[in-house]
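*Asks:* After the sequence you'll find the predicted model.
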Protein chains: 2
Amino acid sequence: MKRIIEQSFAVPYTYPVIFSQNIFDEGDDTLAGLLDNGKGGKAYFVIDSGVAVAHPSLLEQIKEYADAHAAQFKLCAEPLIVPGGEASKNDPQYYEKIVEATHLYGIDRHSYIVAIGGGAVLDMVGFAAAISHRGIRLIRIPTTVLSQNDSAVGVKNGINSFGKKNYLGTFAPPFAVLNDFNFLQTLDERDWRSGISEAIKVALIKDLDFFEWIEDHAISLANREMEPMQELIVRCAQMHLDHIAGKDPFEMGSSRPLDFGHWAAHKMEHLSGYEIRHGEAVAMGIALDSTYSYLKGMISEEELQRIVSVISRLGFHLYNEVLSGDMLLKGLEEFREHLGGELTIMLLSKLGLGKEVHEMDQTLIVAAVEKLKAFQADRLITN
Amino acid sequence: MKRIIEQSFAVPYTYPVIFSQNIFDEGDDTLAGLLDNGKGGKAYFVIDSGVAVAHPSLLEQIKEYADAHAAQFKLCAEPLIVPGGEASKNDPQYYEKIVEATHLYGIDRHSYIVAIGGGAVLDMVGFAAAISHRGIRLIRIPTTVLSQNDSAVGVKNGINSFGKKNYLGTFAPPFAVLNDFNFLQTLDERDWRSGISEAIKVALIKDLDFFEWIEDHAISLANREMEPMQELIVRCAQMHLDHIAGKDPFEMGSSRPLDFGHWAAHKMEHLSGYEIRHGEAVAMGIALDSTYSYLKGMISEEELQRIVSVISRLGFHLYNEVLSGDMLLKGLEEFREHLGGELTIMLLSKLGLGKEVHEMDQTLIVAAVEKLKAFQADRLITN
């Protein structure tokens, strides 16, 4: 006897991605509304240490906000402060602390964990929330450009293990994403800029209009004007959300996320001991793969100049010494392994249109690195 | 400025649940076909110690099978043997070993973990597979009645933590489920019987026909006849699969799994220090909630007699001393907390039709326990 039942179903997900300001003002009902599960939702806050330092009154504000909305939700414990950046993903004690808190404070599947911080902290908290009780509701409050326009609107979480980024993690859509633009005001120069590279990335492979908009606003973005930054974030987040919803949100097939410029970026971050931030590495990775696309005859010299120019005007470096040497090529091999054997790299066939290839010419990669080095030297002279 | 993007998508899942025999015969292509990812899939086997002991040639068979199908897949390491039962879920070292193996042997998202064993081992291996690389393909080969007809065909995994069952886990559909009925032949008496209680459960709340079929086959099932057992398993698995596919597979709303008889069963298992097996506890839990339904005037005495009789004829006990005392009522309170505040208990409104209630009368529960005790005494006299 042999019988086969083909099981088949679809799991629907919906979540709001909200762009707002002053979300902890007592009169603002947005967050309280999200936390209201009809029977006084329990909420547990986890806060990025960088945010806590930059906003010393935040903890007090959260408590006052909870007091003012006591009918809708209650804090089930003191907020937990965790280190910002990769530190929170490298040391398992932080996610373990959150898991333990869910046990200690009786945080169940109808309760909420509210994570406030940059992408790394949100990733780590998301992992703890996803595996406790098979998934506690997670509200992400991203505080950086990079997390507001990219990582925090998506469906992934993770921590680092065995020296590998995001080795442990799941696909788990958030309950809601609540962006407060006010958090951007206290970002340092580098973090303000870093997040813009994900917008350049998505514009270059998908949307010429958006790329030209970034060109037009490069100077005002570099000058920290808030209005164009808000527009950039909403537009980039929308494209990211569309990409996720469009096809294979949990990446079960061979479809890849929007990772133009990322194979080199991952390696550069690692080689620099994370001195180079993700967005900075992505900017150089974009410059590298654009230059490679040019050397391969896929885009024109003028197109390449426009790309390099906008990256440069935004204040990014085009070259870092970790790009020289064999380690970068090793990164390509690691990326191939990560993909499960077959290499897939996104390049450009024109501005606003990406093209996937399945092999890379190592000699041309080295030539592209040399060209970037020269661009960077020119730029230093010009400035 | 306040803007909201409503993100919305559905994630489709399909997986085959295969019922077969002799799956490791060299001439059988089923498993090799599942493991063939087009480029020689890597497979890592994890085996329940109970299965390894009962089938001493299994490891050799697996190696010979891999040799015979080398074009389709390869073993990337020696199979790992882990303790059977809850021990594998209580001690984190076992799931950690599997996670570490994925790192050591380069097991990626296009590779496979093959878990062979009872429900507890499959739960534990499933958790490790689900969080490594955000999900490695998992092939479940369940070896008990209970896992073949119920737990292994579903979408959950988990390990125990903080003394709570399945505290850590995710919803993660398997890549495939491959049932080999041969494994049932070596089950001990209690494990053979245990799994039948999940079939009684689903029949009582959903399918009078199936309940009557079980009544007709109770003696041959108790006598370990393989043919009716196969039919029972396929029928029960199908109902379980339909329930999952039907509505809210990942239990994001308030919908409950098919847990008739389970609130008391969970507590009884725990109170007995897991001396009482899950299926045995479920049989008593069904008897208890059926008796309660009778005392509440929801079903007739004749219906109750039929239920008690079929459970008894299958060889289950109807009563255990852990049912006496206050601890059982404490279990009801814990179940309420587990559900997030509102109690939902499945009872019966007639044979083949469940009915959910939101409160339980404690005096009637105690009376139902007394009645079960009397049933059990009668049964001992009758035998």
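*Replies:* That came in fine, so what should we check first?
*Asks:* A strand includes A:L348, no?
*Replies:* Yes. Assessed by DSSP: H, G, I helix; E, B strand; the rest coil, A:L348 belongs to a strand.
*Asks:* ok, the residue lying closest to it once chain neighbours are set aside - contacts?
*Replies:* Of all residues beyond its chain neighbours, the one nearest A:L348 is A:S293 (4.4 Å), with distances taken as Cβ to Cβ, 6 or more residues apart in numbering or on different chains. For the C-beta atoms, the positions are set from N, CA and C on the backbone; glycine is no exception. In this structure, A:S293 makes contact with A:299, A:304, A:347-349, judged by Cβ atoms under 8 Å, 6 or more residues apart in numbering or on different chains.
*Asks:* Flag every buried residue along the helix or strand where A:S293 lies.
*Replies:* Element membership for A:S293, per DSSP states H and E: helix A:278-295. Of all the residues in helix A:278-295, those buried under the rule 16 or more other Cβ atoms under 10 Å in any protein chain shown are A:278-295.
*Asks:* Export only the CA atoms of it, formatted as CSV.
*Replies:* Output of helix A:278-295 as CSV, limited to C-alpha atoms (Å, rounded to 0.1, in the frame of the first residue of the first chain):
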residue,chain,number,x,y,z
HIS,A,278,26.3,48.1,6.7
GLY,A,279,25.1,51.1,4.7
GLU,A,280,28.6,52.3,4.0
ALA,A,281,29.6,48.9,2.8
VAL,A,282,26.5,48.7,0.6
ALA,A,283,27.4,52.1,-1.0
MET,A,284,30.8,50.7,-1.9
GLY,A,285,29.3,47.4,-2.9
ILE,A,286,26.9,49.3,-5.3
ALA,A,287,29.8,51.3,-6.7
LEU,A,288,31.8,48.1,-7.2
ASP,A,289,29.1,46.1,-9.0
SER,A,290,28.1,49.2,-11.1
THR,A,291,31.8,49.5,-12.1
TYR,A,292,31.9,45.8,-12.9
SER,A,293,28.7,46.2,-15.0
TYR,A,294,30.4,49.0,-16.9
LEU,A,295,33.6,47.0,-17.5
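*Asks:* How far away from the center of its chain is the helix or strand following that helix?
*Replies:* Using DSSP H and E, the helix or strand that follows helix A:278-295 towards the C-terminus is helix A:301-313. Chain-centre distance of helix A:301-313: 24 Å, with Cα atoms, centre = their mean, to the nearest Å.
*Asks:* CA atoms of the helix or strand just after helix A:301-313 as CSV?
*Replies:* Going down the chain from helix A:301-313, the next helix or strand is helix A:327-338, by DSSP H and E. What follows is helix A:327-338, C-alpha atoms only, in CSV (Å, rounded to 0.1, in the frame of the first residue of the first chain):
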residue,chain,number,x,y,z
MET,A,327,39.8,38.2,0.6
LEU,A,328,37.1,40.0,-1.5
LEU,A,329,37.2,37.1,-4.0
LYS,A,330,36.9,34.7,-1.1
GLY,A,331,33.7,36.6,-0.2
LEU,A,332,32.3,35.8,-3.6
GLU,A,333,32.9,32.1,-3.0
GLU,A,334,31.3,32.3,0.5
PHE,A,335,28.3,34.0,-1.1
ARG,A,336,28.0,31.1,-3.6
GLU,A,337,28.0,28.6,-0.7
HIS,A,338,25.4,30.7,1.2
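*Asks:* so what does helix A:327-338 touch, helix or strand wise?
*Replies:* helix A:262-271, helix A:362-382 (3 or more Cβ pairs under 8 Å, 6 or more residues apart in numbering or on different chains; DSSP states H and E).
*Asks:* hmm, who's touching it?
*Replies:* A:263-264, A:266-268, A:270-271, A:322, A:342-343, A:345, A:360, A:362, A:365-366, A:369, B:106, B:108.
*Asks:* Narrow the contacts of A:S293 to those that are buried.
*Replies:* Using 16+ other Cβ under 10 Å, the buried ones in these are A:299, A:304, A:347-348.
*Asks:* between those residues, which is nearest B:R235?
*Replies:* For these, the minimum distance to B:R235 (Cβ to Cβ) is 53.8 Å, reached by A:L347.
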